[in-house]
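[1] when you get a sec, could you give me coordinates for this:
(one chain, ligands or ions: 1)
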Amino acid sequence: MMNQNTNFIPFAKPYIRKEEEEAALRVLKSGWLTTGPETKAFEKEFKEYTGVKHAIAVNSATSGLHLCLEALNIKQGNLVATTPYTFTASSEIIHYLGAKPYFVDIDEDTYNLDTALLEKAVKNNNISAILPVHIGGLPCNMEQVTNISRKYNVPVVEDAAHAFPVKTKTGFLGTQSDAGVYSFYANKTITTGEGGMIATNREDIAKRMRIMGFHGIDRECWDRYTEKKASWKYEILEPGFKYNMPDIAAAIGRVQLKRAESLLNMRKEIAEMYLKSFSEIDFLKMPAVSEDHAWHLFIIRVCEEKLTIRRDEFINRINEKGIGTSVHFIPLHIMPFYKNKYGFKQEDFPVSYNNYLNSISIPIYPGLTKEQVNYIIESIIEIGKECYKAAV
Ligand SMILES: *Cc1c(COP(=O)(O)O)cnc(C)c1O
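    Predicted structure coming up:
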């Protein structure tokens, strides 16, 4: 019964409606396409929404993370403690600065940094920063991370690429460490096509990031002169980067920000449907659940000892039913670059490696209909039943 559902269900799809179209068009017609009034307004609205002191819009979360580490003076030879269970962006930015990632394995249930291992790493090595990633939108244990940060006096930059808008009891996830960075890439929880936002309460690094994110130009000087219109004078303080968010993206982002909560609720509903329908299924393991969850990803694990097929074949069968899937993540330590540079072996980070082996990400995004979600559920259960290992 291949493709019984004639419409292929993609793994991810942005939620773009008339308001986003109108916002982009408004900018196209305005005569000002790059960073300008829309970006300023987006930053202001983001600050009001999250309560953070400084919000800096950038052209990707990758550039945002780079700016954070640069502003914290991470440099040649430094070590940054982070997880191998993430997208390469979290780690490549460490290399941009000549520093090295110090990988710490994850907790099996949450896929997030194992904070006991993290403390050991920070205690026994000269670690210059901690970079936790909230995988799939499930918060890392930030209480523990913060304790470690204070105890050893090491700053924390959160890769909150998956984590907008998670409001915990103590505030928005990504706003309570030295800095946090959200991604607005096309498949993330809210999108501007490409884009990101840095959140920080630290005036010193905010100032540095604004300068470095725009060619190392002294912004105050720049603003002062642009206000007077006729000016051509500015000062270059450093060889900076070109990381500013254009107004077309910001205008779309402003609409998405207004939708953020309702988009989250739509993802929550889908997560609840999956959790409920799969609760009795013994050949699947469900993801860890939390009140505070962005549900950017829904990662199921196949229990291979109960099945006649392995994860990769399970994925093929889901795809054959017209359903898109993905795997988050192929751990960095088995990627050629990291493997060759650091001589890692698969078993160096056993939890990451083993979680990777049986994980499958299934669709979870606003715009998926209840019928589609039910079709995904039925299809997965059907595959498992067809391939169920008979009891011996
Ligand atoms: C998507 C992603 C990023 C990078 O986001 P961009 O906006 O595409 O640069 C960083 N970290 C993680 C974990 C991601 O999934």
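[2] what residues are up against A288?
    109-111, 138 (CB atoms under 8 Å, 6 or more residues apart in numbering). The way it works is simple: take the backbone N, C-alpha and C, and place the C-beta from them, glycine included.
[3] and it, that one's in a strand?
    No - judged by DSSP: H, G, I helix; E, B strand; the rest coil, A288 forms no part of a strand; its state is coil.
[4] pLDDT score for it?
    If you check A288, the pLDDT there is 98.
[5] any idea how far it lies from I299?
    9 Å (CB to CB, to the nearest Å).
[6] overlap of the contact sets of those two?
    Y111.
[7] mind listing the helices for the stretch 151-300 of the chain?
    In the stretch 151-300 of the chain, the segments counted as helices under DSSP state H, counting those that start in this stretch are 203-212, 219-227, 247-277.
[8] any chance of these in TSV with mean neighbour count, mean pLDDT and distance to A41 as columns?
    Formatted as TSV, the helices of the stretch 151-300 of the chain follow (neighbours: other CB atoms under 10 Å; pLDDT from 0 to 100; distance: least, CB to CB, whole Å):
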stretch	mean neighbour count	mean pLDDT	distance to A41
helix 203-212	19	98	16
helix 219-227	13	65	16
helix 247-277	19	98	6
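[9] out of the ones you listed, which is closest to the ligand?
    helix 247-277 (11.0 Å; CB to the nearest ligand atom).
[10] anything in that closest one near the ligand?
    No - contact of helix 247-277 with the ligand (CB under 6 Å from any ligand atom) is absent, the minimum separation being 11.0 Å.
[11] which strands or helices does that helix pack on?
    On a contact count with 3 or more CB pairs under 8 Å, 6 or more residues apart in numbering; DSSP states H and E, helix 247-277 meets helix 18-30, helix 37-50, strand 298-302, helix 370-386.
[12] please state the offset of that helix from the chain centre?
    14 Å (CA atoms, centre = their mean, to the nearest Å).
[13] one more: stretch 317-337?
    16 Å.
[14] look at that stretch and report the distance between its end residues.
    31 Å (CA to CA, to the nearest Å).
[15] on that earlier part again, make JSON lines from the helices and strands packed on helix 247-277 and add mean pLDDT to it.
    JSON lines is the format used below for the helices and strands packed on helix 247-277 (pLDDT from 0 to 100):
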{"stretch": "helix 18-30", "mean pLDDT": "98"}
{"stretch": "helix 37-50", "mean pLDDT": "98"}
{"stretch": "strand 298-302", "mean pLDDT": "98"}
{"stretch": "helix 370-386", "mean pLDDT": "98"}
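[16] deepest of those, which one?
    Per residue and on average, the most neighbours among the helices and strands packed on helix 247-277 fall to strand 298-302, with a mean of 21 (mean count of other CB atoms under 10 Å).
[17] wondering if it reaches the ligand at all.
    No - against the ligand, strand 298-302 shows no contacts by CB under 6 Å from any ligand atom, the least distance being 12.7 Å.
[18] what pairs with that strand, parallel or antiparallel?
    strand 284-285 (antiparallel), strand 359-362 (antiparallel) (DSSP bridges).
[19] nearest to A161, out of those strands?
    strand 359-362 (14.6 Å; CB to CB).
[20] can you list the residues that contact the closest one?
    Here strand 359-362 has contacts from 11, 274, 297-302, 311, 314-315, 318, 323, 325-328, 376, 380, using CB under 8 Å, 6+ apart.
[21] mind checking which of the contacts of A288 are buried?
    Buried members of the contacts of A288, scored by 16 or more other CB atoms under 10 Å, are 110-111, 138.
[22] filter those residues down to just the ones in strands.
    With DSSP state E as the criterion, strands contain none of the buried ones among the contacts of A288.
[23] now pLDDT and distance to the ligand too, for the residues you listed, in JSON lines please.
    Below are those laid out as JSON lines (pLDDT from 0 to 100; distance: CB to the nearest ligand atom, whole Å):
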{"residue": "T110", "pLDDT": "98", "distance to the ligand": "14"}
{"residue": "Y111", "pLDDT": "98", "distance to the ligand": "11"}
{"residue": "L138", "pLDDT": "98", "distance to the ligand": "12"}
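[24] pretty sure A61 is touching H162, no?
    No - taking contacts as CB atoms under 8 Å, A61 lies outside contact range of H162: 9.7 Å.
[25] need the overlap of contacts for these two.
    With CB under 8 Å, 6+ apart as the test, A61 and H162 both reach S183.
[26] and H328, which of the three is it?
    coil.
[27] renumber starting at 293 from here on
    Done: numbering now begins at 293, and the last item shifts to H620.
[28] find the nearest non-adjacent residue to it, please.
    S653 (4.9 Å; CB to CB, 6 or more residues apart in numbering).
[29] in the sheet, who's paired with that neighbour?
    Where S653 sits in a bridge, its partners, by DSSP bridges, are I591, S618.
[30] tell me the pLDDT at it?
    S653 is given a pLDDT of 98.
[31] what is the burial count for it?
    When neighbours are counted by other CB atoms under 10 Å, S653 registers 21.
[32] how much space between it and the ligand?
    11 Å (CB to the nearest ligand atom, to the nearest Å).
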